[in-house]
Each structure stands twice: as C-alpha cells, then as structure tokens.
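Novice: Structure, please.
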Amino acid sequence: MANKLKRCATCNADIAASAKACPQCGAKNKKAILKKWWFWVIVIALVGAIGANMGSGKKAVQSAVNTVASQPTTAPEPIVVDVDTLEDALSSNALSASNTYKGQYVELTGKLSVIDSSGAYFSLKPLDGRFSLTGVQCKITKEQQAIVASFTRDQEVTVVGTITAVGEIMGYSLTVESIKE
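Specialist: Okay, here's the model as predicted:
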C-alpha cells in the first residue's frame, strides 16, 4: 500500500497516488512530467530531428568538400614587382607598405645580396644598385638549396612566393615557392 501513496507537493501529507487532489489542502495532484506519455513522444521527436540534422549537416559538408575537390585548382596570378618598388614603398611609409604587400603572392626580381651558409635563406637587394639595409629575405626549402648554391653575388634573381612579413628594420620576408632560372 505504501507504493500507492505519495506526498502532497503543497502540504506534505500522504495521499493516494491516483487522487486528483489532496484531501488535506485541496492542491491538485499532478503526475511527474517524466511519467506523462506525451513528454516521451516530444523527447523522441526532438532526438530524431537532431539526429537527422546532424546527418544532413555531414552530407552538406561532404558535398561542399567534393565540389571544391572536383574543381580544377589554379594558382593565383602573382603580383609582378621588383625589390626597388618594395624598398621605395617601405621607406615612404612602412605601415602602408605592410598593408599593401604583407600576405601577397608575388613574382619578385632583385639582385642577390647574401646567401645564408646554412641554406635557410638568401637576400635580394634593389636592381638599381642603391645601398639598402633592409632588402628581402627569401626563405627557401632544402629542395631549392641546390639552385641557390649555384648563384653568385649581384646576380639578378626572380622568385615566386608569399610575403610573410614587412618591417622598417628587417625589411621584407618572403617564403619562396619557386625560383625562376
């Protein structure tokens, strides 16, 4: 009989679980929401809807990936520029030079200045032969070292790559993608 009794939520008196109202205080005897059939129907519908959305989201992402993968990849056209132009922009206004060139994919021509003995980079200076403290530091890969090893000082060099840093003290840094021979 104890399992058929419950406590009134209002006055805490023992009442029959099936009673519509508490005989002590008259408060309605409501079933717990977890015991109502319609609650479980809603929960199951929501779980199903969420699962369906997650599945369609994966399909949409996979579809987008397949679309991008099926399109031919074309490298962007590099901006053709020389070290002289970069140096002029830097000496005129370093902030403007940074806003203009940082992150840009470029085809850059300059004169060879320095080759790092460890093969990590080489530097380019202006073509017009003027003195420059900054220049462009061109970071190279191990595969590119053999090409750079054959260079000589003051040789005209053209590289394609992305300018990664611009500064009034250190000049420009460029990650080399290819070296034109």
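
Novice: Past the lowest-mean-pLDDT helix or strand in the chain, which element shows up next along the chain?
Specialist: Among the helices and strands of the chain, helix 37-70 carries the lowest confidence by mean pLDDT, DSSP states H and E, at a mean of 70. Tracing the chain C-terminally past helix 37-70 and defining elements by DSSP states H and E, one meets strand 79-82 next.

Novice: Report all helices and strands that that following strand contacts.
Specialist: strand 105-115 (3 or more Cβ pairs under 8 Å, 6 or more residues apart in numbering; DSSP states H and E). C-betas here are computed from N, CA, C, even on glycine.

Novice: Listing partners with orientation, what would you give for the helix or strand following the strand it packs on?
Specialist: Using DSSP H and E, the helix or strand that follows strand 105-115 towards the C-terminus is strand 121-125. Paired strands of strand 121-125, with direction, are strand 105-115 (antiparallel), strand 136-139 (antiparallel) (DSSP bridges).

Novice: can you list the weak-confidence ranges in this protein?
Specialist: Residue ranges of the chain with pLDDT under 70: 1-3, 31-33, 54-73, 181.

Novice: can you list the domains in it?
Specialist: Structural domains assigned to the chain are 2-70, 79-180, following automatic domain parsing.

Novice: quick one, which of the ones you listed is packed in tightest?
Specialist: Sort those by mean neighbour count, taking mean count of other Cβ atoms under 10 Å, and domain 79-180 sits at the top with a mean of 16.

Novice: before we move on, the earlier item: with distance to Cys11 added, can I get the strands paired with strand 121-125 in CSV?
Specialist: Below are the strands paired with strand 121-125 laid out as CSV (distance: least, Cβ to Cβ, whole Å):
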stretch, distance to Cys11
strand 105-115, 78
strand 136-139, 80
